[in-house]
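I need the structure of the sequence given here:
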Amino acid sequence: MTQPERPVNRRSENPRRVVGGHRLRRADSFGPWPWPAEGWLTIAAPSSADEESEGLAYARSGQIAALTIEPGIATTKVQGRLPRPHAVEIAWPILEEAVIDAVVAGLAADAAASASVLLGDVPRLVGELFERAGRPFLPEPKLPPTIRCSCGRPTGCRHMVATALVLQERIASDPWSLLRLRGLVREDLQDRVRLLRRSASEAAAPPKELAPGSPLPASIESFWRPGPAIAELASMPPAEHAPMALLRRLGPSPLDGRFPLVGLLASAYETIAQEGRSLAATGDDEPLALDAPSQRSDAVAAVELSEPVARPAPAPRSLGRAVAKRKAAPKREL
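Residues are numbered from 1 along each chain as shown. Below you'll find the model as predicted:
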């Protein structure tokens, strides 16, 4: 008598599920990536089509249990079929101090690039400065990062592919993580660029020579009045500045509401600036009639809608009226 076939246990063929793992969100995973998240998949070098497809499935299903990026090394924990996850390391030597000084000096010399860095962006000039200093900013064959996996394969395993894909997407959303891997921490780089630009501006500015003033008793009547130089302010060109620099520096607002607070403030600031420029051009000093609904700007109306309406407090009741009302009420029989 033949025994019935046992059902095949399919659970062993799939990796163990990870709760809250790092998941690949990009649909076109093997297509072109934006700068500076280019070339990271080449360091994994899938050994076969199966390893490539399984590595992509690992990345999309969130099998990356942990991802850490530190100066010189990025590590992940990739959960596979075994109880313990595999450890993947991507090592890339941090930059020498001379290279960092060259990168900081190049950023400080460019006003637009330094302003972009201080506002939290990573301009393409950073990659060019790396190349000028003889250090690649992106992975390339002549000086690639070193990748290792605890599974024992020299290269091309599914764990490396999943790590490279997730790390590539992290760099695409946060380019500062790539700079951190090369040894450039965001706060340190911003402080060094700011300090170097301040030192350069102070060294370039000639010392101001103050004109000798008249004795105080002779100018006591006009001491608190503005001099003729204040009229030159109206004809001076506006200084170059990044639009909404303070709002961009502060970042997204943590407050929840019907409308985004940062966008509302930006619209309100722009509306106020336009009204001020129009008043300065026409010479009209009359204040805006904000009571008229037709003259309110959209930004002001949006701000009013996003803020809670303050209801008037009820008027306090008169003590004498309350006592008289209590005396007039019929008494209850006990």
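
which parts of stretch 184-204 are buried?
184, 186, 189, 190, 192, 193, 196, 197 (16 or more other Cβ atoms under 10 Å). Placement of C-beta: from N, CA and C, glycine included.

quick one: contacts of it?
71, 95, 100, 103-105, 107-109, 114, 117-118, 120, 176, 179-180 (Cβ atoms under 8 Å, 6 or more residues apart in numbering).

mind doing that once more with 6 Å?
Contact with stretch 184-204 is made by 104, 107, 108, 114, 117, 118, 176, as judged by Cβ atoms under 6 Å, 6 or more residues apart in numbering.

which of the residues you listed fall in helices?
Cross-referencing these against helices under DSSP state H gives 104, 107, 108, 114, 117, 118, 176.

for the nearest residue to the first one once chain neighbours are set aside, helix, strand, or coil?
Closest residue to residue 104 apart from its sequence neighbours, by Cβ to Cβ, 6 or more residues apart in numbering: residue 192 at 4.8 Å. Classification of residue 192 using DSSP: H, G, I helix; E, B strand; the rest coil returns helix.

can you report how many residues neighbour residue 32?
By the criterion of other Cβ atoms under 10 Å, residue 32 has 6 neighbours.

same question for residue 181.
21.

how about the CA coordinates for the helix or strand hosting residue 198, as PDB?
Assigned by DSSP states H and E, residue 198 belongs to helix 186-204. Provided in PDB are the C-alpha atoms of helix 186-204 (Å, rounded to 0.1, in the frame of the first residue of the first chain):
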ATOM      1  CA  ARG A 186      26.700  67.600   7.200                       C
ATOM      2  CA  GLU A 187      27.000  70.000  10.300                       C
ATOM      3  CA  ASP A 188      30.800  70.000  10.200                       C
ATOM      4  CA  LEU A 189      30.900  70.800   6.500                       C
ATOM      5  CA  GLN A 190      28.400  73.600   6.800                       C
ATOM      6  CA  ASP A 191      30.300  75.100   9.700                       C
ATOM      7  CA  ARG A 192      33.600  75.000   7.900                       C
ATOM      8  CA  VAL A 193      32.100  76.600   4.700                       C
ATOM      9  CA  ARG A 194      30.400  79.300   6.800                       C
ATOM     10  CA  LEU A 195      33.600  80.100   8.700                       C
ATOM     11  CA  LEU A 196      35.700  80.200   5.600                       C
ATOM     12  CA  ARG A 197      33.300  82.600   3.800                       C
ATOM     13  CA  ARG A 198      33.200  84.900   6.800                       C
ATOM     14  CA  SER A 199      37.000  85.000   7.100                       C
ATOM     15  CA  ALA A 200      37.300  85.700   3.400                       C
ATOM     16  CA  SER A 201      34.700  88.500   3.400                       C
ATOM     17  CA  GLU A 202      36.400  90.100   6.500                       C
ATOM     18  CA  ALA A 203      39.800  89.900   4.900                       C
ATOM     19  CA  ALA A 204      38.600  91.400   1.600                       C
END
